[in-house]
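Colleague: what would the 3D arrangement of this be:
(one chain, ligands or ions: 1)
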Amino acid sequence: MSGAFPLLETRNLTIGYSTKKSTRVIAEKLNLKLWPGQLVCLLGSNGAGKSTLMRTLAGLQHVLVGEVIINQHLLSALKAGELAKKLSLVLTERIEAGNLTAKEVIELGRTPYTGWLGKLTELDQQKIQQAIVSADVIPLLNQRMHQLSDGERQKIMLARALAQDTGLILLDEPTAHLDLPNRVEMMRLLHTLARQTNKAILLSTHELDLALQAADNLWLMQPDGKLVTGVPEDLVLSGAFESAFAKTGFFFDNATGTFTIHHDPGSLNIALSGDPKMVFWTRRALQREGFRSNQHEDFQFQIVANPDNGTAVWEFSNGEFASKFTTIETLIDSVKSAINKYSTT
Ligand SMILES: Nc1ncnc2c1ncn2[C@@H]1O[C@H](COP(=O)(O)OP(=O)(O)OP(=O)(O)O)[C@@H](O)[C@H]1O
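Modeller: Below is the predicted model of the structure:
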């Protein structure tokens with residue numbers, strides 16, 4: 001990163017809430033840097049402090065201790081109009097947009113450049129058009145904001161932030177109201193945007209698997225108020241990712257990068273082998289039923305999963321019988337009854 005400077009930096013930052021009577025610290029000694037071209041996902045369990053940090057970075061909430069530096073300027077010294085040219089913020093909360101159309105809301109993104117009554121110049125129109133295309137909202141433009149679904153409104157708010165054309169974009173749970181294809185699309189879009197435009201994008205999210213795939217860096221808020229940063233893969237391998245979301249009943253499988261409901265593994269082992277994809281999904285179904293499976297061949301029960309002429313086939317055997325199945329559902333039914341009948345454990 002030599003030659004460049006971070007678009008966002010915190011120095012010894014403490015965030016939290018302060019009243020006349022008491023102060024509640026949510027996290028302290030935060031020294032964070034967000035660089036041009038980076039997509040960073042801010043993760044943490046409910047109540048860890050993601051929104052508090054986002055609001056503090058955007059200047060909506062007072063810093064308790066330390067400094068926030070935006071584009072080499074102290075946040076506390078920036079006037080609202082100057083800040084709006086450097087930082088755009090997309091919140092999850094429903095915004096009161098009155099009777100405005102989606103297009104009019106996107107156009108408001110240009111306010112820092114035009115003033116409230118100012119006319120849109122050709123450059124403004126260009127930026128608006130680019131934002132509309134990037135956020136893929138052309139079909140929504142003439143609709144009133146109150147007629148849009150939560151997910152559609154979210155995309156309009158992203159388009160407005162893009163029209164604002166700031167180097168730094170902060171988004172608080174931008175995928176919250178989106179369905180799976182749109183969540184994936186939103187992450188892909190933000191990732192591409194950061195890369196292509198050299199913007200720095202920070203988003204808070206509960207989409208752990210998408211964040212693992214799309215983020216250049218993770219900021220992980222731990223339950224004890226510490227914030228661990230790093231490349232997703234390093235945080236998985238170091239165990240930091242798992243400990244940020246440690247909960248009884250779940251475990252993070254760092255071999256597959258997924259959270260799994262912790263089932264009582266039971267005492268019965270089943271040898272499972274064959275096509276890797278079929279083995280993966282068969283293992284999941286067996287786990288749910290409380291059966292352990294692995295590749296050893298000397299167990300009493302065996303399942304071999306392989307495609308046969310384009311059809312998925314599972315062969316289940318134990319030396320005394322062998323049956324074939326073409327769905328996991330029928331396989332599992334058979335495993336359950338065979339185990340009751342033949343199990344020697
Ligand atoms: N106005 C407030 N005054 C005092 N404490 C607050 C206030 N708002 C939030 N908190 C507390 O600060 C902590 C962090 O809250 P925050 O909303 O930042 O968490 P979060 O990580 O965004 O949670 P979630 O994932 O549930 O949205 C919580 O314990 C919350 O109760």
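
Colleague: list the buried residues of the helix ranked longest in the chain.
Modeller: Assignment by DSSP state H gives helix 180-197 as the longest helix of the chain. For helix 180-197, the neighbour count (16 or more other C-beta atoms under 10 Å) marks N182, R183, V184, E185, M186, M187, L189, L190, H191, L193, A194, T197 as buried. Backbone N, C-alpha and C define where each C-beta goes, glycine included.

Colleague: same for that helix, what does it pack against?
Modeller: Helix 180-197 sits against strand 39-44, helix 122-135, helix 150-164, strand 200-204, helix 208-214, with contacts defined as 3 or more C-beta pairs under 8 Å, 6 or more residues apart in numbering; DSSP states H and E.

Colleague: what helices or strands is the very next helix or strand once past the first one leaning on?
Modeller: Put plainly, it is strand 39-44. The element immediately downstream of strand 39-44 (helix or strand, assigned by DSSP states H and E) is helix 50-57. Judged by 3+ C-beta pairs under 8 Å, 6+ apart, the packing partners of helix 50-57 are strand 8-18, strand 23-30, strand 39-44, strand 168-172, strand 200-204.

Colleague: what strands line up against the third one, and which way round?
Modeller: Sheet pairing for strand 39-44, assigned by DSSP bridges, gives strand 200-204 (parallel), strand 217-221 (parallel).

Colleague: the ligand: which of the helices and strands packed on helix 50-57 is closest?
Modeller: Closest of the helices and strands packed on helix 50-57 to the ligand is strand 8-18, at 3.7 Å (criterion: C-beta to the nearest ligand atom).

Colleague: got a list of contacts for that closest one?
Modeller: 23-34, 49, 52-53, 56-57, 61-71, 87, 168, 200, 202 (C-beta atoms under 8 Å, 6 or more residues apart in numbering).

Colleague: who touches N31 in this structure?
Modeller: T10, R11, N12, L13.

Colleague: is the last one bridged to anything, and to what?
Modeller: When assigned by DSSP bridges, L13 has beta-bridge partners L30.

Colleague: next, count neighbours for it.
Modeller: Number of residues near L13 (other C-beta atoms under 10 Å) recorded here: 23.

Colleague: how much space between it and G49?
Modeller: 12 Å (C-beta to C-beta, to the nearest Å).

Colleague: same question, the second one
Modeller: Counting by C-beta to C-beta, the separation of R11 from G49 is 18 Å.

Colleague: quick one, which of these two is more surrounded?
Modeller: Between R11 and G49, counting by other C-beta under 10 Å, G49 is the more crowded of the two (23 against 15).

Colleague: wait, the more buried one sits on I26?
Modeller: Yes. Using C-beta atoms under 8 Å, G49 is in contact with I26, at 4.0 Å.

Colleague: overlap of the contact sets of those two?
Modeller: I15, G225.

Colleague: for stretch 131-138, which positions count as buried?
Modeller: A131, I132, S134, A135, V137.

Colleague: from those, pick the one nearest Q300.
Modeller: Ranked by distance to Q300 (C-beta to C-beta), the buried residues of stretch 131-138 are led by A135 at 56.9 Å.

Colleague: contacting residues around the closest one?
Modeller: K155, I156, L158, A159, L162, L189.

Colleague: how close does the residue nearest to the fifth one when sequence neighbours are not counted sit to the ligand?
Modeller: In this structure, L162 finds its nearest non-sequential neighbour in A131, 3.6 Å apart by C-beta to C-beta, 6 or more residues apart in numbering. Applying C-beta to the nearest ligand atom, to the nearest Å, the value for A131 to the ligand is 27 Å.
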